[in-house]
Structures are given as C-alpha cells and as structure tokens.
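Engineer: Quick one, what's the 3D model for this:
(chains A and B)
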Amino acid sequence: MSDLYIQTDLNDLPDARGYFGEFGGRFVPETIIPALDELEAAYNDAMADPVFHHELSHLQRTYTGRPTPVSYARRLSEALGGARIYLKREDLAHTGAHKINNALGQGLLAKRMGKRRIIAETGAGQHGVGTATAMALLGLECHVYMGTVDIRRQQPNVFRMRLLGAEVIPVESGSRTLKDAINEAMRDWVTNVETTFYLLGSALGPHPYPKMVRDFQSVIGAEAREQIQTLTGQLPDACIACVGGGSNAIGLFHAFRADENTELIGVEAGGHGIDSKQHAARFADLDISRPGILHGTRSYVMQNEDGQIMETHSVSAGLDYPSVGPEHAHLRQLERAYYTMATDDEALEAFQVLSKLEGIIPALESAHAIAEAIKRAPTMPQDSVLLVNLSGRGDKDLDTVIGLL
Amino acid sequence: MTRPKHGTAAIDAMFARAKSEKRAAFLPYFCIGYPNYAESLRAIESVAAAGVDGFEIGIPFSDPIADGPTIQATTQIALENGITVRKCLAAVKTLRQKGVTQPMLMMGYANPLVAYGTDRFLRDARAAGADGLIVPDLPPEEASMFAESCAREGLALVFFLAPTSNDARIEMATANATGFIYVVSLTGITGARKELPAYLTKYFARLRAKTDMPLVLGFGISTPEHARQLRGLTDGFIVASALIRAWERGFDDMRALAGEIFAASRE
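Structural biologist: Have a look, this model is predicted:
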C-alpha cells in the first residue's frame, strides 16, 4: 500500500474558530490561548510540509506496523448468521491500540516546535502508553496524569508507562478518572505553557485539538476504506466504533464521510444501563446530558441541572468520560452518524465472544463496538458488510475482567 | 440600602475613589458556600464593614481548571454544601439588603452559567445587585453570548490578560472588556505565593502602553507586603487563596489578614 498521507479537504470542518457547526471552540484561560495559536500555526505549517508527512508515514510503517490489517471475523459472522463482520485491527498497532497514531503525530509536531517537555492525560492508560512510547522513541521528557481510580484498574499500563521512562502522576481530585486527569494536565499546561507541549489524547479539548487528533487518527479510515474494498469489492454498509472522547471513531468515520450509503455508528458506554444513571452515554440520556462546556470545548456534557459535571461510570476506563468530541456532536446533529450504547454486561459478553470465536481479546472499549455488531449483524442480509474498529487489545483489561467474570 | 450607581458605573466609581486616594483597590474573593452558606455571607459582610473596595463573589464549579488546590478544595466544599448558581445570586441579594454597598463581581466558570441561561443569569445578577462578571474559561472571542446581556444590564464583563498575551490579544481583550482587565500575574493557576514576580513593572508598562482601562492584578497576591509593593503599579488587586488559608486557622485570622492587606494598600 502506498503512503497514505493525511488527507485534508478545505471544505472540512472545523471553521477558522474551531467550530463544527455549533460545537467546538476554545473555552480556556487566556494564558494558554497564545499557546493554542502557536500550536495551530505549527500544525498548519507541518501539514503543508511534505517532509513532515513523510516522517510520520515512515514511522507508521517501520515502527507502528501500519497498515494494520482488516480481518474477516468468519466464525463470529457465521454464528450470528447475518452481515459479514470485518475488524480493523488497531489492536495490532504497536502498543496495542490506535492511540499511538496520534501520539506519534503530535510527538513529531512537538519536536518540530522545539518543545522538549511533554504532558498527557490518560484514562485506560492506552494514550499514556502510546505517548510514553512515542516520547521514548523521540527522546522527549514525558509526564502522564492519571486518576487514582484508573491507576487501580489499569495497573499493567501504569507499569508500562514507567518502564518506558514516563512519570505517572496520580490525580486525587474529583472523580479520580479521565476527566480529572485532563483538569490536572490543563493546570500543568497553564503553569508551564512556554516549555511544554500538551499531547491531548482524544478528539476533544480546545481548537485545534479536535481537528488535529482526528487528522492523525484518520489513517485508520483511510487504510480501512481501501482494504475493505479489496477484500469485499464493496464499501461497508456500516462502520462501527466505540466513542469515549471519540478519537478512534472519528479516525474511522472521516474517510467514509462522503459515502452516503455507509452508516456511521458510534457506541457509547451504557455502564449499568441508562436508567441507573451510572453510564457515560452522553447522546443516549438527554435527561442529564445537553450541550455545555467542558475542557475547552462546547459539546454534549453530562451535567446536573445546575451545570455541575456528573461523575460517569463505565467498566472501560477509556470510555468513562462525561463529554464527547465536538465533531461527534455535530455529526449526530446532521444525522450523518448515529450513536447508540452498550452496557457493561453487553461489553463483557462481547469481550468473551470475540475471544472464543476469533482468538482476539479486545480492549473493553472496543468490546462496546463488538457488542453493537453482535446486535446488528443478525438483522442484516448475508451479503452486507459491517466494518468494526477494533481499537485496542484487551490484555490491559484482564485484571478488571477476572474480577467480573 | 440603595446605591447611587450599579454595574460598570459603580466599578468606575470604585477605581476613581481609589485613584484619588493614590492607592490600588482591594477586591478579596469569597466563594459562596465556603465553609458554609451563612459563614461565607458573614465573611463578606465583615470584610465589607472594614471598608474594602469590592468583591469577587465565587460561584463554585466541579472542574475549575484555572484554580490551584486551595480554591479547588473551597469550591468542592461549597458544592457539597448544596450551593447552586441560584443560591449565589440570592447571596448577593441578601448582602445588598444587609448593607454591603461595594461592587460585587460574580466569578464563575462558563458551564454553570450556560446551564442557568446566560441571558437569564445576567438579568438575575443585575436584579440581585451584582455589578459584573468574571469567567476564567471565557476568552473574548467566545464571549458573545455573555457580552450582549452584560451590555443590556449595564454589568461589567471582565476579560483576562496573561504574561503570554501578545499585542493582538491585548487589543482584543481591552477592546471588548468593560469594568477592568484582570491581569494574571504569572503563567499558572490560582494559589498563594511567597513572592510577586520580578517582571511586574515591565509587564504593566507593556499593558499601559496599549490601554487606559483599569488593570486589576490577581493570582498569588498573599501578604500585606505584596499589597505595599503594588502601590503605584496596579489599579486594583485580588486576593483569594491566601484568605482561605488564613481562614483555615479561623475566621478572625482571615478577617485580620484582610484588614492588614487593606491597611498596607493604604499606607
């Protein structure tokens, strides 16, 4: 496969102010606005430079192991008796998840900008591991903020980050999960803005992050769109991906945005179910989720009636977040993408099914996407094609799952 | 008690008076609901009686990204005490009824205000007797939903400048702010500090060259000595975390520190 340089289309959102329709923007303290301007200018400069694309593409091939394959899930498809299910194997990317795509992209950008101190937040630990890995490769200093609840449930990743030379900084404030890790990373950035590059891990936060992270993840969809046509001779009837902040989903969806006959389906964390109110299904529970402002962007936010951010629940740390990337809010409003959810139990069931039938242990995050495929495939004709983003591998989740099965 | 002026006009009058007395206006910050609702009101009343120039009235938020550990803990306690935007507005109304005449600026993050409804919030803030609004995660380019309502109600909408702000940012903030510019003393989050940054004189000279608006310094100002150092430099200053830390030792310690800082600003 030839180099898949990042495709930019001038008609694509966001607009110059960082808005996807009515979502996005820059709601951050003044202190970091000049840093966002600097980042945006450096990013645009890098995007216009073939050398940058070549460097990134070279690392993707020779380090990450891209392109990752698309696998036909034959036994799963036959067991369900409907659509043929194909898996985009981001679990096979180096470090075991799609997060490395963005970490390498932003890491190269940081190096180009002359920033040597890198900070990141992590929930499941996959972005932290991706960032720690990229920083080890590029020789940059790495500090990762992680909530203590997540540190407890993602121990192997904490160890990995430390082994890779990163400092893992425990976050004790608030719900002690991803949201609070982002708060702390932002506070660090406000304090050390002149020397520090904030390597944000999902397609959220203030402009230009939602765009930049999407662009660095768009390699997923760009590869998969070619691969699925080679394998099946057609475009998929639907693309399915889990949505926490939404970077793996937007990375898959982006290449298919103009393919009107391909449905785009995002799967949020249904936790203990919508009625329990213990979930992270921002688009499914409009009683407690509505447009608001969190972490610098306007999007759907789970909040109480007084605008205080609610604590969320998901068995999967990577989906346990009260807001969602602004481009997803926009795609939903346009009805270009459709969002549904899978509960903890459904995800755990999918986790086991995929392990037994395909020999692939998915990340609990990705298991949410598999759960939707399991629901949907039997309702579809046998000549139809479902493309599921298997965004990461599940080794990191074994401790959690052993406790639950 | 009725006040002769409200909103931006009351804030202008506050600076005029401080200027005529050749000193910087002192605006302490108090979060409604810390350590509980009644005590927060008692603190503001008590410090108001000592004659300070104005107040920043904190509305708590669950995720205050511009705040250090002291204010994070304070606003967390306020939320645990059931404080809402509505209760913060009620607090201002009660303080006016109790005779607090100084300018009061509501200080809160964007999301609770958006959830309340920006237009409704500013109408109710005006009715309660507030004079202005400070939103730390609202740069001027995102402020249109607040700016119109503030202008209609005659309330000040304060924007921030930071050591990182370039000339274009300075122009944008000063062209759009009303009341004053909140000058962040350092690149960082709120919190008490031992020393003021050494570059303040240069920093203020750079800002003064661009604007005639009153400049109010905040972040890190903690002691009477700091207040003395600010004379002739800034038009006003805000103290928050240092008062809360003194308050942890007792109400009287907090009140004493506020009094000492105010006295130092008048020396």
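
Engineer: And what about the residue of the stretch 51-200 of chain B found nearest chain A, helix, strand or coil?
Structural biologist: Relative to chain A, the nearest point of the stretch 51-200 of chain B is residue B:115 (2.9 Å; CB to the nearest CB). Heads up, the C-betas are built off the backbone N, CA and C, glycines and all. Following DSSP: H, G, I helix; E, B strand; the rest coil, residue B:115 is assigned to helix.

Engineer: what's the neighbour count on it?
Structural biologist: Neighbours of residue B:115 under the rule other CB atoms under 10 Å in any protein chain shown: 22.

Engineer: wait, it sits on residue A:301?
Structural biologist: No - Residue B:115 lies out of contact with residue A:301 (CB atoms under 8 Å); the separation is 9.0 Å.

Engineer: Now list whatever residues contact both of these two.
Structural biologist: Common neighbours of residue B:115 and residue A:301, using CB atoms under 8 Å, 6 or more residues apart in numbering or on different chains, are A:290, A:292.

Engineer: what's the residue of the stretch 51-200 of chain B closest to chain A in contact with, if anything?
Structural biologist: Contacts for residue B:115 were tallied using CB under 8 Å, 6+ apart; they are A:290, A:292, A:303, A:305-307, B:85.

Engineer: rerun at 10 Å
Structural biologist: Residues counted as contacts of residue B:115 (CB atoms under 10 Å, 6 or more residues apart in numbering or on different chains) are A:290-293, A:301, A:303-308, B:84-85, B:121.

Engineer: And residue B:127, by the same measure?
Structural biologist: Applying CB under 10 Å, 6+ apart, we find residue B:127 in contact with B:89, B:92-93, B:153.

Engineer: end-to-end on stretch A:55-71?
Structural biologist: 27 Å (CA to CA, to the nearest Å).

Engineer: Tell me the buried residues in that stretch?
Structural biologist: A:55-57, A:59-60, A:64, A:66-68, A:70-71 (16 or more other CB atoms under 10 Å in any protein chain shown).

Engineer: Can you tell me which of those residues end up in strands?
Structural biologist: Among these, DSSP state E puts A:70-71 in strands.

Engineer: Can you lay out the buried residues of stretch A:55-71 as JSON lines showing distance to chain B and pLDDT?
Structural biologist: Formatted as JSON lines, the buried residues of stretch A:55-71 follow (distance: CB to the nearest CB, whole Å; pLDDT from 0 to 100):
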{"residue": "A:55", "distance to chain B": "29", "pLDDT": "97"}
{"residue": "A:56", "distance to chain B": "28", "pLDDT": "97"}
{"residue": "A:57", "distance to chain B": "34", "pLDDT": "97"}
{"residue": "A:59", "distance to chain B": "31", "pLDDT": "98"}
{"residue": "A:60", "distance to chain B": "33", "pLDDT": "97"}
{"residue": "A:64", "distance to chain B": "32", "pLDDT": "98"}
{"residue": "A:66", "distance to chain B": "34", "pLDDT": "98"}
{"residue": "A:67", "distance to chain B": "38", "pLDDT": "98"}
{"residue": "A:68", "distance to chain B": "35", "pLDDT": "98"}
{"residue": "A:70", "distance to chain B": "39", "pLDDT": "98"}
{"residue": "A:71", "distance to chain B": "40", "pLDDT": "98"}
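
Engineer: neighbours around residue A:16, how many?
Structural biologist: 7.

Engineer: what does residue B:69 give?
Structural biologist: Neighbours of residue B:69 (other CB under 10 Å): 14.

Engineer: How is the residue of the stretch 251-400 of chain A found nearest chain B assigned, secondary-structure-wise?
Structural biologist: Residue of the stretch 251-400 of chain A nearest chain B, by CB to the nearest CB: residue A:307 (2.9 Å). Residue A:307 falls in the coil class when you classify it by three-state DSSP.

Engineer: tell me the phi and psi of it?
Structural biologist: Residue A:307 has phi and psi values of phi 80, psi 10 when expressed as degrees, to the nearest 10.

Engineer: For residue A:243, list the residues it contacts.
Structural biologist: A:202-203, A:249-250, A:253, A:265-269, A:280-283, A:319, A:321, A:324-325, A:328, A:337, A:339-341, A:365, A:368-369.

Engineer: go with 7 Å
Structural biologist: For residue A:243, the contact set (CB atoms under 7 Å, 6 or more residues apart in numbering or on different chains) comprises A:249, A:266-268, A:324, A:328, A:339.

Engineer: One more: residue A:211?
Structural biologist: Taking CB under 7 Å, 6+ apart, one finds residue A:14 in contact with residue A:211.

Engineer: Check residue B:74 too.
Structural biologist: By CB under 7 Å, 6+ apart, residue B:74 lies in contact with B:31, B:34, B:244.

Engineer: swap in residue A:149?
Structural biologist: Contacts here follow CB under 7 Å, 6+ apart; on that basis residue A:149 touches A:176-177.

Engineer: How about residue A:201?
Structural biologist: A:99, A:102, A:120-122, A:127.

Engineer: is it true that residue A:350 touches residue A:375?
Structural biologist: No - between residue A:350 and residue A:375 there is no contact under CB atoms under 7 Å: 9.4 Å.

Engineer: Neighbour count for these two, which is higher?
Structural biologist: The residue with more neighbours, out of residue A:350 and residue A:375, is residue A:350; 24 against 15, by other CB under 10 Å.

Engineer: That'll do, ta.
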